[in-house]
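Colleague: Dropping a prediction and its sequence here:
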Amino acid sequence: MIEIRFHGRGGQGTVLASISLAKAFFDSGYQVQTFPLFGVERRGAPVEAFLRISKSDILVRSNVYTPDHLVVMDSKLLTAIDVTRGLKKNAMILINGSEPPDDMTPFKDFKVAMVDAAAVALENGLGSRTRPIINTAMLGAFSRVMAMPDMKYIEKAILKEVPVKQDQNVAAAKQAYGAVKIMDNK
Amino acid sequence: MKHVIEGSHAISEAVKLARVDVVSGYPITPQTHIIEAISEYCANGEMKAKFIPVESEHSAMAAVVGAASTGVRTFTATSSHGLALMHEMLHWAAGARLPIVLGEVNRALGPGWNIWMDQSDSLAQRDTGWIQLYCENGQEAMDTTLFAFRLAELVNLPVMVVIDAFFVSHTFEPVAIPEQEHVDDFLPPYEPRIALDPDNPFALFQMAPPNVYMEMRQSIHRAMEHTLDIYHEVENEFDAVFHRRYGMIEEINCENADIILVTTGSATSTARQVQMDMEKQGERFGILKIKTFRPFPGKAICNALQKAKKVAVLDRNFSFGSGGIFAQEVKGALQVLSQGPVVFNYIAGLGGRDITPDIISEVYLKTRDRDLPPCGSEWLGTSPRDEN
């Protein structure tokens, strides 16, 4: 079983990203389970969502404490909260941000991938400068750095899940797939 | 075919497939998604039901009581304080023998305000005459909702389909959504015994003086006992169409187990994983999942537990001044045995506190390592007591 924890802010589509990714994994032959760690929701407040994927049935129904990988929807969260708590060694941390963190030492045991999903979203007309809609770009970047699920499943999930601007969302996912970079953090 | 949907929507889908005629709705977290989806189905024509938005949960139940009295299939959903506010009308639904189905998402009661998982809301409605069915995951929520309509209409009692806040209600997972024709095979149109009719007016639910009231109460009791008798048969019908069944209880590797854990709801699922993991380390215990709380299948539970040496009941609820509620019921069921197992009672997971695999292991190990339970219940995972 692989456990993925999403960090984002309320209103950023973090839960939707996790659900879309779950559907893409399910289509590609995995069992899936995803749910938000529910706080009392406020726009802008840190939120978390969990995704479990497995080739066999998923029975555990508690929160995720020792994730295998992280998706961080806002690079500013890296200094605001302890995103790496419980994170397994050699985990992939996929971050939306234009600049890598100044201090990479907290991430030395992990792989760090960066994508400027906000810029990708804006180029594709998704959201506004102050509120870009980044979740589909993050899905494309995820598919690249994790080498799963295949982009065709991401594309299918976007077409199923996103009710508006479907072509732009698929284009954003593909662009982020090409733009994401694995950082040298050693 | 399986779709990745959330537990709340598994119930909404089942209500749509059940061809419900009248739905009333009042929002409350974490139930809102159930009613929200149904209101959309009604608005876009996917469902032909009359959707009644109401001003409170008391009215939500009153509305379906009124509708069901005219002989139609009805549904509403709620949680926590909403269920508490419905309390009076819950008695009405059962006393009037109306087969209403209620989706109930277990949530704690305040203050302190808490929107998270806790069984105290539904268990506080124990004595209202409602059948209560607890679900472990989204598939069971879907199946149990369909099953609930059939059962309710056979025994003329209302049924509460209970799911865990968030751990089931907001969790997306693959759920097989049945075909409409299969649901129609299992669930025929509702044929009421009596129905209010403006063209042929008569009165229902009048004064019941002492010479009849006690018999009316006894008839509810008999309907509950009848539910125990026919449950298996109704499950056979369900199984024949959908190829799934759950049982009033499920015995998970209980044969020859000295220690049996008693669980309900989503904690059962986590316990299944812990059972498999600990078996690899040479530790063995059985799990008894209780699905039906009312009627309480005491005889079946007694049979399942009688050969065990120790029973550990994990309660996600608490009756102040007494103990865990399932533990009380289990102890009551076991008292017919002359040499029954000893019963340990653990309290965990109140107000959304997580029941992790570690908590389940702790329940097992604490039970394994002691011959006798302490008096009363033991609270797991709480911070050290503040003596002030």
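Modeller: Good, I have the coordinates. Residues are numbered from 1 along each chain as shown, chains lettered A, B, ... in the order given.

Colleague: now the strand or helix carrying A:K156: mean pLDDT?
Modeller: Using DSSP states H and E, A:K156 sits in helix A:151-161. In this model, helix A:151-161 has an average pLDDT of 96.

Colleague: The stretch 1-150 of chain B against chain A: which residues are in contact?
Modeller: B:K2, B:V4, B:E6, B:P30, B:I115, B:W116, B:N137 (Cβ under 8 Å from any Cβ of the partner chain). Using the backbone N, CA and C atoms, a C-beta is placed for each residue, glycine as well.

Colleague: one step back: do the helix holding A:K156 and chain B meet?
Modeller: No: using Cβ under 8 Å from any Cβ, helix A:151-161 stays clear of chain B, coming no nearer than 9.3 Å.

Colleague: Could you export the helix or strand hosting B:V311 as PDB, CA atoms only?
Modeller: Element membership for B:V311 (DSSP H and E) is strand B:310-315. Taking C-alpha atoms only, strand B:310-315 is exported to PDB below (Å, rounded to 0.1, in the frame of the first residue of the first chain):
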ATOM      1  CA  LYS B 310     -12.200 -13.100  27.100                       C
ATOM      2  CA  VAL B 311     -14.200 -10.600  25.200                       C
ATOM      3  CA  ALA B 312     -13.000  -7.000  24.500                       C
ATOM      4  CA  VAL B 313     -15.700  -4.600  23.500                       C
ATOM      5  CA  LEU B 314     -14.500  -1.400  21.800                       C
ATOM      6  CA  ASP B 315     -17.000   1.300  22.300                       C
END
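
Colleague: List the residues that contact the residue nearest the centre of chain A.
Modeller: Nearest to the mean C-alpha position of chain A, by Cα atoms, centre = their mean, lies A:V71 at 3.8 Å. Shown in contact with A:V71 (Cβ atoms under 8 Å, 6 or more residues apart in numbering or on different chains): A:I4, A:R5, A:F6, A:H7, A:A17, A:S18, A:L94, A:M138, A:F142.

Colleague: Can you tell me how far B:P174 is from B:E250?
Modeller: Distance check for B:P174 against B:E250: by Cβ to Cβ, to the nearest Å, it reads 20 Å.

Colleague: So for those two, which residue has more residues nearby?
Modeller: The neighbour comparison of B:P174 against B:E250 (other Cβ atoms under 10 Å in any protein chain shown) goes to B:P174, with 21 against 18.

Colleague: which element is that one on?
Modeller: B:P174 belongs to strand B:172-176 when elements are defined using DSSP H and E.

Colleague: need the next SSE after that strand, C-terminal direction.
Modeller: Counting by DSSP H and E, the element after strand B:172-176 in chain order, helix or strand, is helix B:180-186.

Colleague: May I see the buried residues of that following helix?
Modeller: Buried residues in helix B:180-186, counted by 16 or more other Cβ atoms under 10 Å in any protein chain shown: B:V183, B:F186.

Colleague: so how many other residues sit close to B:A208?
Modeller: The burial count for B:A208: 13, using other Cβ under 10 Å.

Colleague: Grab the nearest non-local neighbour of it.
Modeller: Excluding the flanking residues, the one nearest B:A208 by Cβ to Cβ, 6 or more residues apart in numbering or on different chains is B:M216, at 5.8 Å.

Colleague: Helices of chain A, residue ranges please.
Modeller: With DSSP state H as the criterion, chain A has helices at A:14-27, A:77-80, A:117-123, A:135-146, A:151-161, A:166-179.

Colleague: Can you add mean neighbour count and give the ones you listed back as JSON lines?
Modeller: Converted to JSON lines, the helices of chain A look like this (neighbours: other Cβ atoms under 10 Å in any protein chain shown):
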{"stretch": "helix A:14-27", "mean neighbour count": "24"}
{"stretch": "helix A:77-80", "mean neighbour count": "16"}
{"stretch": "helix A:117-123", "mean neighbour count": "23"}
{"stretch": "helix A:135-146", "mean neighbour count": "27"}
{"stretch": "helix A:151-161", "mean neighbour count": "19"}
{"stretch": "helix A:166-179", "mean neighbour count": "20"}
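
Colleague: Which ones among the residues of the stretch 1-150 of chain B next to chain A map onto strands?
Modeller: In this view, these that belong to strands under DSSP state E are B:K2, B:V4, B:E6.

Colleague: export those to CSV and tack on neighbour count, distance to A:K152 and pLDDT?
Modeller: Putting those into CSV (neighbours: other Cβ atoms under 10 Å in any protein chain shown; distance: Cβ to Cβ, whole Å; pLDDT from 0 to 100) gives the following:
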residue, neighbour count, distance to A:K152, pLDDT
B:K2, 12, 19, 96
B:V4, 23, 17, 98
B:E6, 24, 25, 97
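
Colleague: So which of those is the closest to A:M151?
Modeller: B:V4 (18.6 Å; Cβ to Cβ).

Colleague: what residues are up against that closest one?
Modeller: Counting by Cβ under 8 Å, 6+ apart, B:V4 touches A:I19, A:A22, A:K23, A:F26, A:V32, B:F172, B:E173, B:P174, B:V175.

Colleague: In contact with B:P27, which residues?
Modeller: For B:P27, the contacting residues are B:I35, B:E36, by Cβ under 8 Å, 6+ apart.

Colleague: Next up, the contacts around residue 142.
Modeller: Just going to use chain A. Contacts for A:F142 (Cβ under 8 Å, 6+ apart) come out as A:L21, A:V71, A:L94, A:I154.

Colleague: think we crossed wires, I meant chain B
Modeller: B:M142 neighbours (Cβ under 8 Å, 6+ apart): B:A10, B:I11, B:E13, B:A14, B:V175, B:A176, B:I177, B:P178.

Colleague: go again using 6 Å as the cut-off
Modeller: Residues in contact with B:M142, defined by Cβ atoms under 6 Å, 6 or more residues apart in numbering or on different chains, are B:A10, B:A14, B:V175.

Colleague: quick one: the helix or strand that the second one is a member of to chain centroid distance?
Modeller: The reference is to B:A14. For B:A14, the host element (DSSP H and E) is helix B:7-17. Relative to its chain's centre, helix B:7-17 lies at 15 Å (Cα atoms, centre = their mean, to the nearest Å).
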